[in-house]
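Q: Okay, sequence plus prediction incoming.
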Number of protein chains: 2
Amino acid sequence: MLTDRIEADYLLETTGSPEKAADVMAGEQSSGTFVAIPGETPELKERSAARVVHLTVLEENVPVRSLPSPGARPGEKVTRAKVTLSWPLANLGPSLPNLLATVAGNLFELRQVSGLKLLDIRLPQAFADRYPGPKFGIEGTRRLSGIASGPLIGTIIKPSVGFDAAQTAALVKELCEAGIDFIKDDELQADGPACPFDDRVREVMKVINTHADRTGKKVMYAFNLTGDMDEMRHRHDLVLAQGGTCVMASLNSVGLAGMIELGRMTQLPIHAHRNGWGYLTRHPLLGWSYVAWQKIWRLAGADHMHVNGIANKFSEEDDSVMASALECLTPMFPDKPCTVMPVFSSGQSARQVPATFAGLKSTDLIMTAGGGIMAHPDGPGAGVRSLREAWDATVAGVSLEERARTHPELGRALEMAA
Amino acid sequence: MLTDRIEADYLLETTGSPEKAADVMAGEQSSGTFVAIPGETPELKERSAARVVHLTVLEENVPVRSLPSPGARPGEKVTRAKVTLSWPLANLGPSLPNLLATVAGNLFELRQVSGLKLLDIRLPQAFADRYPGPKFGIEGTRRLSGIASGPLIGTIIKPSVGFDAAQTAALVKELCEAGIDFIKDDELQADGPACPFDDRVREVMKVINTHADRTGKKVMYAFNLTGDMDEMRHRHDLVLAQGGTCVMASLNSVGLAGMIELGRMTQLPIHAHRNGWGYLTRHPLLGWSYVAWQKIWRLAGADHMHVNGIANKFSEEDDSVMASALECLTPMFPDKPCTVMPVFSSGQSARQVPATFAGLKSTDLIMTAGGGIMAHPDGPGAGVRSLREAWDATVAGVSLEERARTHPELGRALEMAA
């Protein structure tokens, strides 16, 4: 539904009336305050107030409150509800930074709230008109990487830190020869004195360009340009000048104004890393859902968004991973879908392919594997091929075990991952 | 102690061995990974690995884990510990954005962790050499506001949204005449179509400049310039050109690269708003402590940092507020203290002054009051004077009740706040 109002959905937990807590939230984030203020006329309230447009009680008599508050009493009644607030666009205009202060500002510390998670946001068309969104997205990533169909099979430079530029380039050479589609820097490596960004780009692009000249395949390398704005501008331009096809940025390190600036100026796809995401979401009743959060960054210009992976080494459950990935492929606006490549990572191997495809029902993704490629007993080339074979089989409706009978590299990968 | 290593302290909760969890943290955030990697030599490990430099078990047999994880078992042993990790500066160099990815990256979602809070960070001198820190700080704020001693008494434009530029300026006129030192925009108002930033600056500065011409006192107004980078640059320049003396930015909206850029270019003090802080800290076993967090922003260039207030309307306890405020006045580096004005707000009035001074033992602060000024029964001028009288009495060691006997405006303020 087109509207000139901004909407946000929350999972609210409160020890009082949920209706009252929702009213406090709406008041705190618009014209209302805790005391009546001179100049606050009914007309002004009507024009500017946030509204509680929806409230459904989900659970009453929750055994214990999720977050501490002063004045907690044993035996108090704790209620959870889904609440939708809306704001007139005229309060803030189509500004992403000011959207954050509005939908995710002074709310989580409210005394009336013993749990609050931002579940989703819906934005008026004015935001789509104002911000670039992904300049490359799925189509541009396929074009630049030369992978017209199927997932991009990728990996991460490991060890994360410790390699110098020449050592990194030597590993990249091995990976190119293994047939990889995509390589990324680790988020811990941007411009460390032991592996300066500029040196790394020059050394790595020499390898990638030579490989491309020989084979026609230019491997996409996401160079981690995370840094101060002037550094990021310089680094972007260097990658472009050296013939690179991707840059990477850590969203929580760069922040929103920086990402918007990068999104506007970039001539390369932006591989967006979410490290730090855990502190925004790990508690089920605090912070951000990925569904809400990733919309901000897609609109700001991210082309690839990390979503963790099925059977990952972290604490996230598979259904959460899949919900995140599906959201990346869900259009945001009718004329501006802002769809991006979901990036699956963390302990990935051929073994995870069937569940990944069953959930996503698409091969528009980047799958990065570390051990699954580098530790394959027949070498990295076999590691890459085992992943491709797993995807080919899965998309064709053939089980991995069946395909492995005729494809021993897949079989060895499955033995390794078992 | 001077060192070329970065240190971070964490409150860790784990269901396994805390030593093992700390090792996983150190490995994940440096050269280590979960599987051995070709090229990862002992020399590389020695040079690049993060180290666990300190671990103290704080609590064993915690009744229930703080954060959910797959594989939680009833009756499992939950332990809390304080852990210090250190990293060689050479891993990342003195880069604030990359510091975030290192000390607060992929840690909070670790499966081994059922609770993790970043408590503090200690940075080598190279960070002080690289970043501007507050350009104005306490001394510059006093100079520009003309308040040589005592707290700056301030207020916030309310209603937060709904006023146009002319209505805002009319309220500013009333506040100037009331003798206020400092006024700030609400964080919900930056450049809303109903109150465009440029109009607001022009209208408000006309009032402030006229008042300054007449009285010699230029009230400091923190204009909320939060927005995209190009907007913030333009808005900064406009405030400067109109004779303004302060700009305000929402830290979680702008983000770190944007704040660093603003900190480098600003010719005005930066009033840093922390809205959204709740989602970073509200759970005691997840996210950031303010002590760690505010160091990042001070080094990036914040001059004033919000710390909530004593007996505030939110969920934060007084001891947490005071720890935050004291930290703002604690030097970060011997030659570059980066001390900033703590900003007390939220339901503040004369009543909170004695506890604020008892904790802070300083009058280097900004105290913003809304109702405490605007709702004073004798008008805003009496509201401002009641706050000054409360501070004068408190600093002189006189109780508010005693001072109120000879200062009826303070007496009325105390009655109102009771």
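A: Sure, I can see it.
Q: can you give me the strands in chain A?
A: Along chain A, counting by DSSP state E, strands occupy A:5-14, A:51-59, A:79-88, A:115-122, A:152-156, A:182-184, A:220-224, A:246-250, A:270-273, A:286-288, A:304-306, A:341-344, A:366-368.
Q: between these, which one is nearest to B:Leu238?
A: strand A:79-88 (25.3 Å; Cβ to Cβ). Placement of C-beta: from N, CA and C, glycine included.
Q: quick one: strands adjacent to the closest one?
A: Here strand A:79-88 has these sheet partners by DSSP bridges: strand A:5-14 (antiparallel), strand A:51-59 (antiparallel).
Q: Buried deepest among the ones you listed, which one?
A: With neighbours defined by mean count of other Cβ atoms under 10 Å in any protein chain shown, none of the strands paired with strand A:79-88 is more surrounded on average than strand A:5-14, at a mean of 23.
Q: With distance to B:Glu261 and mean pLDDT as added columns, please give the strands paired with strand A:79-88 in TSV.
A: Output for the strands paired with strand A:79-88, formatted as TSV (distance: least, Cβ to Cβ, whole Å; pLDDT from 0 to 100):
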stretch	distance to B:Glu261	mean pLDDT
strand A:5-14	27	97
strand A:51-59	36	97
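Q: Let me know which of these is the nearest to B:Asn98.
A: When those are compared by Cβ to Cβ, strand A:5-14 sits nearest B:Asn98, at 31.5 Å.
Q: how deep is the closest residue to chain B within the stretch 201-350 of chain A tucked in, by neighbour count?
A: Across the stretch 201-350 of chain A, no residue is closer to chain B than A:Gly255, which sits at 1.1 Å (Cβ to the nearest Cβ). Around A:Gly255 there are 23 other residues, counting by other Cβ atoms under 10 Å in any protein chain shown.
Q: The one 5 residues further on now?
A: Residue crowding around A:Ile260 was assessed by other Cβ under 10 Å; the count is 30.
Q: Surely it is in contact with A:Ala302?
A: No - taking contacts as Cβ atoms under 8 Å, A:Ile260 lies outside contact range of A:Ala302: 10.7 Å.
Q: how close does the residue of the stretch 201-350 of chain A closest to chain B get to B:Ser95?
A: A:Gly255 sits 14 Å away from B:Ser95 when distances are taken as Cβ to Cβ, to the nearest Å.
Q: With adjacent residues omitted, what lies nearest to A:Glu40?
A: Of all residues beyond its chain neighbours, the one nearest A:Glu40 is B:Pro159 (4.8 Å), with distances taken as Cβ to Cβ, 6 or more residues apart in numbering or on different chains.
Q: OK, contacts around A:Gly137?
A: A:Pro269, A:Asp303, A:Cys338, A:Thr339, A:Val340, A:Met341 (Cβ atoms under 8 Å, 6 or more residues apart in numbering or on different chains).
Q: which residues sit in contact with the third one?
A: Each residue near A:Cys338 by Cβ under 8 Å, 6+ apart is listed here: A:Ala128, A:Gly133, A:Pro134, A:Gly137, A:Lys295, A:Arg298, A:Leu299, A:Pro331, A:Met332.
Q: From chain B, how far out is the first one?
A: It refers to A:Ala128. Plainly put, A:Ala128 is 15 Å away from chain B if you go by Cβ to the nearest Cβ, to the nearest Å.
Q: I'd guessed that residue sits against A:Asp335; true?
A: Yes - counting by Cβ under 8 Å, A:Asp335 is a contact partner of A:Ala128 at 7.0 Å.
Q: Test for you: state the pLDDT assigned to the closest residue to A:Asp364 other than its chain neighbours.
A: Of all residues not flanking A:Asp364 in the chain, A:Ile138 sits nearest, at 4.9 Å (Cβ to Cβ, 6+ apart). As summarised for this prediction, A:Ile138 has a pLDDT of 98.
Q: Ok, the one 5 residues further on next?
A: pLDDT, the model's per-residue confidence, is 98 for A:Arg143.
Q: Neighbours of A:Pro42, how many?
A: 7.
Q: Quick check: it vs chain B, distance?
A: For A:Pro42, the distance to chain B - Cβ to the nearest Cβ - is 11 Å.
Q: Ok, A:Asp392 next?
A: Distance, A:Asp392 to chain B, by Cβ to the nearest Cβ: 26 Å.
Q: circling back to that earlier point, any idea which of the strands paired with strand A:79-88 gets closest to A:Asp230?
A: Shortest distance between A:Asp230 and the strands paired with strand A:79-88, using Cβ to Cβ, is found for strand A:5-14: 32.8 Å.
Q: can you list the domains in chain A?
A: For chain A, the structural domains run A:5-130, A:137-417, going by automatic domain parsing.
Q: These: lowest mean pLDDT?
A: Note on these: lowest mean pLDDT is at domain A:5-130, with a mean of 91.
Q: what distance separates the start and the end of that one?
A: Length of domain A:5-130, first residue to last, Cα to Cα, to the nearest Å: 16 Å.
Q: chain center to that domain: distance?
A: Chain-centre distance of domain A:5-130: 24 Å, with Cα atoms, centre = their mean, to the nearest Å.
Q: same check, this time on stretch A:313-327
A: Remark: stretch A:313-327 is offset 11 Å from the chain centroid, using Cα atoms, centre = their mean.
Q: Buried residues of that stretch, list them for me.
A: By neighbour count on 16 or more other Cβ atoms under 10 Å in any protein chain shown, the buried set for stretch A:313-327 is A:Lys313, A:Phe314, A:Ser315, A:Glu316, A:Asp318, A:Ser320, A:Val321, A:Met322, A:Ser324, A:Ala325, A:Leu326, A:Glu327.
Q: The third one touches B:Ser69, doesn't it?
A: It stands for A:Ser315. Yes - using Cβ under 8 Å, A:Ser315 is in contact with B:Ser69, at 4.6 Å.
Q: For those two, list the residues in contact with both.
A: Both A:Ser315 and B:Ser69 are contacted by B:Arg111, B:Val113, under the criterion Cβ under 8 Å, 6+ apart.
Q: hmm, back to that, in terms of neighbours, single out the busier of A:Ala128 and A:Asp335.
A: Taking other Cβ under 10 Å, A:Ala128 and A:Asp335 do not tie; A:Ala128 has more neighbours (19 against 8).
Q: still on that earlier bit, rebuild the contacts of A:Cys338 as CSV, extending it with distance to B:Gly371.
A: As requested, the contacts of A:Cys338 are exported to CSV (distance: Cβ to Cβ, whole Å):
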residue, distance to B:Gly371
A:Ala128, 40
A:Gly133, 43
A:Pro134, 46
A:Gly137, 49
A:Lys295, 36
A:Arg298, 41
A:Leu299, 37
A:Pro331, 46
A:Met332, 40
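Q: Kindly give a single PyMOL line that selects the buried subset of these.
A: To isolate the buried subset of those in PyMOL, counting by 16+ other Cβ under 10 Å, use the following:
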select buried, chain A and resi 128+133+134+137+295+298+299+332
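Q: what's the neighbour count on the residue of the stretch 101-250 of chain A found nearest chain B?
A: Minimum separation of the stretch 101-250 of chain A from chain B (Cβ to the nearest Cβ) falls at A:Phe108, amounting to 2.9 Å. Residues near A:Phe108, counting by other Cβ under 10 Å, number 27.
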